[in-house]
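Asker: after the sequence you'll find the predicted model.
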Amino acid sequence: MTFTLAIVGRPNVGKSTLFNRLVGKRLALVDDQPGVTRDLREGDARLFDLRFTVIDTAGLEDVTDDSLQGRMRRLTERAVDMADICLFLIDGRAGVTPTDRVFAEILRRKGARVVLGVNKAEGSAGDAGALEAWELGLGEPVRLSAEHGEGLDDLYHLLRPLAEGFAEAAAQDAPEVDVDVPEDSEDEGEAPQISAAKPLQVAVIGRPNAGKSTLVNRILGQDRMLTGPEAGITRDAISVRTEWFGTPLRIWDTAGMRKKAKVTEKLEKLSVADGLRAVRFAEVVVVLLDAAIPFETQDLRIADYAETEGRAVVVAVNKWDLEDDKQDKLAELKEMFERLLPQLRGAPLVTVSAKTGRGMDRLHAAILKAHAVWNRRISTAKLNQWLGAMTEAHPPPAPGGHRIKLRYITQAKTRPPGFVIKCSRPDELPESYKRYLVNGLRADFDMPGTPIRIFLRGQGDENPYKDRKFHTPSRLRKHMDGKAGKPGKER
């Protein structure tokens with residue numbers, strides 16, 4: 001998905017019909033009665049070779065009070081702010097209305113990137129509306145018929161150059177992950193240099209009201225993010241460049257993530273999805289906990305998501321200034337961490353106070369160490385010496401009386417570290433023995449907390465004679481034919 005497209009416009013101009021056309025399913029309810037859509041609906045769209053996220057919005061009404069229509073309008077305006085491109089639809093048969101003019105001006109003031117679409121413009125009935133659309137000052141209108149699928153090729157040609165621009169920007173922002181290491185490499189290398197051109201990318205995630213925006217403001221040294229005692233103030237995943245203790249940094253503040261069953265508001269669903277996307281753009285993820293209620297179920301899911309995405313993880317416990325018995329509380333936190341997040345064993349656990357600034361130096365050091373470990377490379381010779389010691393101390397199991405043999409190990413990837421082990425019967429090696437190897441790698445090569453991937457490869461996976469062709473001499477072929485005899489006769 002390279003960009004997000006929000007379809008906006010008056011009620012009953014065909015927004016939901018076009019949404020269904022783009023996602024290829026009847027996800028949105030469609031009816032001739034205006035105002036059927038009241039919430040935001042998000043879907044995965046496909047337009048020829050373009051893949052993007054499309055948002056169906058409620059019809060825009062010229063209302064600003066707290067009525068249902070007013071709330072629907074605010075929700076739609078928020079979707080405009082979050083989207084990369086807005087497709088502003090008007091009805092080609094009805095022409096440009098005063099309400100269309102009002103919303104065109106709103107889109108201009110917001111500085112949104114707008115594509116103007118004239119729907120229901122099939123045949124000559126839409127000619128007048130298509131010509132009238134020019135007066136909105138939003139560029140060349142594209143004639144569409146969402147009902148019949150007409151004009152989608154014109155829409156594609158308008159979106160294509162915009163999509164390429166977003167793809168380039170995303171490629172520049174996205175960290176380099178799953179970096180291949182030459183097999184049998186003895187070069188242990190160094191972590192990529194952090195610079196202003198390639199800053200360290202950090203995402204701060206956690207439950208609502210854990211203090212994420214306050215922490216980001218403390219790192220930035222200014223009140224850039226809106227904060228307050230209410231949970232759920234932050235809506236967008238906002239990234240800011242800064243320099244922190246001399247380290248060039250790009251940091252994402254994200255919306256709080258609650259249990260899925262409790263996320264009922266459509267806007268919150270978009271905000272959480274935005275936060276999950278921020279994790280994919282990060283190299284190090286700071287999972288922020290509230291010291292009063294640490295390691296709730298949702299905290300564990302958030303930390304596990306960051307580990308599953310293969311990002312370096314630092315666990316920070318905020319509001320530490322409110323704790324009285326700090327020593328006992330710290331011992332309790334460490335015990336809970338080891339017990340509840342074994343997949344992140346050894347990951348840095350740092351206590352901080354975003355409000356007072358205490359512990360920020362320790363958090364900075366933990367982030368740098370996690371980033372260095374995430375980039376760790378180990379020579380093949382050291383790995384195979386280690387593998388020999390590990391299998392000698394605890395031999396692999398012997399299912400069916402035949403012991404599994406681990407013959408060779410090499411590092412195949414970094415960011416996060418990934419290792420290939422060549423062995424007999426890889427499908428029969430139990431998960432418990434893989435965990436034993438992962439924990440050994442963490443302990444013996446000082447890789448605490450970072451995700452470690454182990455790939456098992458059978459001994460016969462690489463056939464040295466695979467691409468070689470053999471020629472049977474004619475004399476041998478005759479000899480073999482003679483030995484075979486004729487069918488049906490004894491030899």
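Answerer: Done, it's in. Numbering: from 1, shown residues only.

Asker: which residue ranges of this structure form helices?
Answerer: Counting by DSSP state H, residue ranges of the helices within the chain are 15-23, 68-82, 98-110, 127-132, 152-173, 212-220, 266-281, 297-308, 326-340, 360-374, 380-393, 431-444, 474-484.

Asker: can you point out the buried residues in the longest strand seen in the chain?
Answerer: Of all segments of type strand in the chain, defined using DSSP state E, the longest is strand 406-414. Residues of strand 406-414 classed as buried by neighbour count (16 or more other Cβ atoms under 10 Å): Leu406, Ile409, Thr410, Gln411, Ala412, Lys413, Thr414. Heads up, the C-betas are built off the backbone N, CA and C, glycines and all.

Asker: the spatially closest residue to Arg93 that is not a sequence neighbour: neighbour count?
Answerer: Spatially, and ignoring its direct neighbours in sequence, Arg93 is nearest to Lys120 (5.1 Å; Cβ to Cβ, 6 or more residues apart in numbering). The number of residues packed around Lys120, counting by other Cβ atoms under 10 Å, is 23.

Asker: contact partners for Lys120?
Answerer: The contact partners of Lys120, by Cβ atoms under 8 Å, 6 or more residues apart in numbering, come to Val13, Gly14, Asp91, Gly92, Arg93, Gly126, Gly129, Ser145, Ala146, Glu147.

Asker: wait, isn't the second one in contact with Val118?
Answerer: No. The criterion here is Cβ atoms under 8 Å, and Gly14 misses it with Val118 at 10.2 Å.

Asker: neighbour count: the two, which is higher?
Answerer: Each of Gly14 and Val118 has its neighbours counted (other Cβ under 10 Å); Val118 has more, 27 against 22.

Asker: from Glu150, how far out is the more buried one?
Answerer: The span separating Val118 from Glu150 equals 11 Å under the rule Cβ to Cβ, to the nearest Å.

Asker: and the longest strand of the chain, average pLDDT?
Answerer: Taken as a whole, strand 406-414 carries a mean pLDDT of 92.

Asker: that one pairs with which strands, and in what direction?
Answerer: Strand 406-414 has the following sheet partners, assigned by DSSP bridges: strand 179-180 (antiparallel), strand 418-423 (antiparallel).

Asker: let me know which of those strands is tucked in deepest.
Answerer: Of all these, strand 418-423 carries the top mean neighbour count, a mean of 19, counting by mean count of other Cβ atoms under 10 Å.

Asker: about what we covered before: Serialize the strands paired with strand 406-414 to a markdown table and add fields for distance to Gly211 and mean pLDDT.
Answerer: Output for these, formatted as a markdown table (distance: least, Cβ to Cβ, whole Å; pLDDT from 0 to 100):
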| stretch | distance to Gly211 | mean pLDDT |
| --- | --- | --- |
| strand 179-180 | 33 | 78 |
| strand 418-423 | 34 | 94 |
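
Asker: could you dump the ones you listed to JSON lines with distance to Asp304?
Answerer: Below are those laid out as JSON lines (distance: least, Cβ to Cβ, whole Å):
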{"stretch": "strand 179-180", "distance to Asp304": "23"}
{"stretch": "strand 418-423", "distance to Asp304": "19"}
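
Asker: now do stretch 139-159: distance to the chain's middle.
Answerer: Its chain's C-alpha centre lies 30 Å from the corresponding centre of stretch 139-159 when counted by Cα atoms, centre = their mean, to the nearest Å.

Asker: oh, that last question was meant for stretch 51-61, not what I typed.
Answerer: Stretch 51-61 has its average C-alpha position 21 Å from the chain's average C-alpha position, going by Cα atoms, centre = their mean.

Asker: and it, what's buried?
Answerer: Residues of stretch 51-61 classed as buried under the neighbour-count rule (16+ other Cβ under 10 Å) are Phe52, Thr53, Val54, Ile55, Asp56, Thr57, Ala58, Gly59, Leu60, Glu61.

Asker: residues near the closest residue to the fourth one other than its chain neighbours, how many?
Answerer: Read that as Ile55. If you skip the residues right next to it in sequence, Ile55 has Ala6 as its closest partner in space, 4.4 Å away by Cβ to Cβ, 6+ apart. By other Cβ under 10 Å, the residues close to Ala6 number 25.

Asker: what does the one 10 residues further on give?
Answerer: A count of nearby residues for Ser16, using other Cβ under 10 Å, gives 24.

Asker: are any of the contacts of Lys120 buried, and which?
Answerer: If you count burial by 16+ other Cβ under 10 Å, the buried members of those come out as Val13, Gly14, Asp91, Gly92, Arg93, Gly126, Gly129, Ser145, Ala146.

Asker: quick one: the fifth one from Leu107, how far?
Answerer: Think Arg93. The spacing between Arg93 and Leu107, counted by Cβ to Cβ, is 22 Å.

Asker: check the third one too.
Answerer: Using Cβ to Cβ, Asp91 is found at 17 Å from Leu107.
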